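>>> Pasting the sequence and the predicted coordinates here, then a few questions.
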Amino acid sequence: MKIGYISRMDRSYMHALALPLRQDSKYIVFSDCHRGDGRADDNFLKNELMYLAALRYYYKNGYTYIELGDGDELWENRSMEKIKEMHPHSFAMIEKFRKEDRFYPVYGNHDMVKKETAYSKKHLGGPCYQGILLEDPQKKLFLTHGHQADVMNSTFWKVNRFLVRYLWKGLELLGVPDPTSAAKNNTHKERTEKRLTEWAAQNDVILITGHTHRPMAGTKESPYFNTGSCVHPAGITGMEIEHRCMTLVKWSLGTDGAQAVYVRREALGKKVCIDAHSLNNL
């Protein structure tokens, strides 16, 4: 009998949406936007300008946008409509991608309700997936949120949602971090990353997740990647996939010689490319 998290990851893998990964494929993967309703606990609000600049860049340059779970904060907030009303420009950009079949959302633990077809069709205009499989002729890339590694954020997610809404949401405003969160609890984070790494190695796939909010580029020995998040105080991070190579990128604010503020893109480390037998760090 398989361990719980292995079984959950296996199911997501088996039911993933398959998309092509060719030499000319261009994907941008963002995770953990946690778009809120504009109140003090809306962690996305302060980074929305950078997010919009990034999406405009990727739209103009022909990328397909994969949103890898927790796009909207639906544990602290009950109303998707209020979130959309607060962030009309972000949803307008997402809609531009969607109309051209260049938007593929994946649900995470904080927006698990999107797995219901009627809900996702009403609010997103189409289905929301539990995982996406990018099919390369030589290697498979599996993209999923990563909450499957933790039983409380997967099987018992409604319990965690209740605790966040009625306990931790108020305490966080007082500076008390949520101990159930893989993003805020280091022990929890490291256990989640270890499980995801082991699953990727055992299944001989390149695994890309979000959930822990810690950006990570894998290696041949550890084929686990993480996009980071869109709610870090220093900016937003994501994963570009182009020419069968993966690049962790960061979008943040900078100033030029005239002290004008602008949004800048920078690579976090080197590209990691796929060949027939391994990952090559270039």
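Everything's here; your move. Numbering: from 1, shown residues only.

>>> residues in contact with stretch 237-248?
21-31, 54, 63, 134, 136, 141, 206, 208, 215-217, 225, 227-230, 249-251, 267-274, 282 (Cβ atoms under 8 Å, 6 or more residues apart in numbering). (Glycine included, C-beta is placed from N, CA and C.)

>>> And those, which of them are buried?
21, 25, 27-31, 54, 63, 134, 136, 141, 206, 208, 215-217, 225, 227-230, 249-251, 271-272, 274 (16 or more other Cβ atoms under 10 Å).

>>> From those, which land in helices?
Among those, the residues falling in helices (DSSP state H) are A54.

>>> List the ones among the buried ones among the contacts of stretch 237-248 that fall in strands.
27-30, 134, 141, 206, 208, 225, 249-251, 272, 274 (DSSP state E).

>>> Is V113 in a helix, a strand, or coil?
Of the three states, V113 takes helix according to DSSP: H, G, I helix; E, B strand; the rest coil.

>>> right, and it touches L124 too?
No. Using Cβ atoms under 8 Å, V113 is not in contact with L124; the gap is 11.3 Å.

>>> T197 - nearest residue in space that isn't next to it in sequence?
Y224 (4.2 Å; Cβ to Cβ, 6 or more residues apart in numbering).

>>> so who does that neighbour touch?
E193, L196, T197, A200, L207, T209, M216, G218.

>>> neighbour-wise, which of those residues leads?
Using other Cβ atoms under 10 Å as the neighbour test, the contacts of Y224 are led by T209, with 30 neighbours.

>>> my read: that residue touches L141, true?
No. Using Cβ under 8 Å, T209 is not in contact with L141, being 11.4 Å away.

>>> The longest helix seen in the chain packs against which elements?
Across the chain, the longest stretch assigned as helix under DSSP H is helix 186-203. For helix 186-203, the elements it packs on are helix 4-14, strand 206-209, strand 224-226, judged by 3 or more Cβ pairs under 8 Å, 6 or more residues apart in numbering; DSSP states H and E.

>>> is it possible to export the ones you listed to TSV including distance to F156?
Shown next, in TSV, are these (distance: least, Cβ to Cβ, whole Å):
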stretch	distance to F156
helix 4-14	11
strand 206-209	19
strand 224-226	23
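
>>> Please name whichever of those is nearest to G71.
Of all the helices and strands packed on helix 186-203, strand 206-209 sits nearest to G71, with 14.2 Å by Cβ to Cβ.

>>> Now do that closest one: distance to the chain's middle.
11 Å (Cα atoms, centre = their mean, to the nearest Å).

>>> before we move on, what about stretch 32-40?
That offset, for stretch 32-40, works out to 15 Å (Cα atoms, centre = their mean).

>>> So which residue is dead centre in the protein?
Compute the mean C-alpha point of the chain, and by Cα atoms, centre = their mean the closest residue is S31, 1.8 Å away.

>>> Look up how far E190 lies from K46.
Using Cβ to Cβ, to the nearest Å, K46 is found at 27 Å from E190.

>>> higher neighbour count, these two?
E190 (13 against 10).

>>> just to revisit the earlier point, neighbour count winner among V113 and L124?
L124 (22 against 18).

>>> check contacts around that one.
When contacts are taken as Cβ under 8 Å, 6+ apart, L124 is in contact with R98, P105, K114.

>>> now do 10 Å
Shown in contact with L124 (Cβ atoms under 10 Å, 6 or more residues apart in numbering): 67, 71-72, 80, 91, 94-95, 98, 103, 105, 107, 111, 114.
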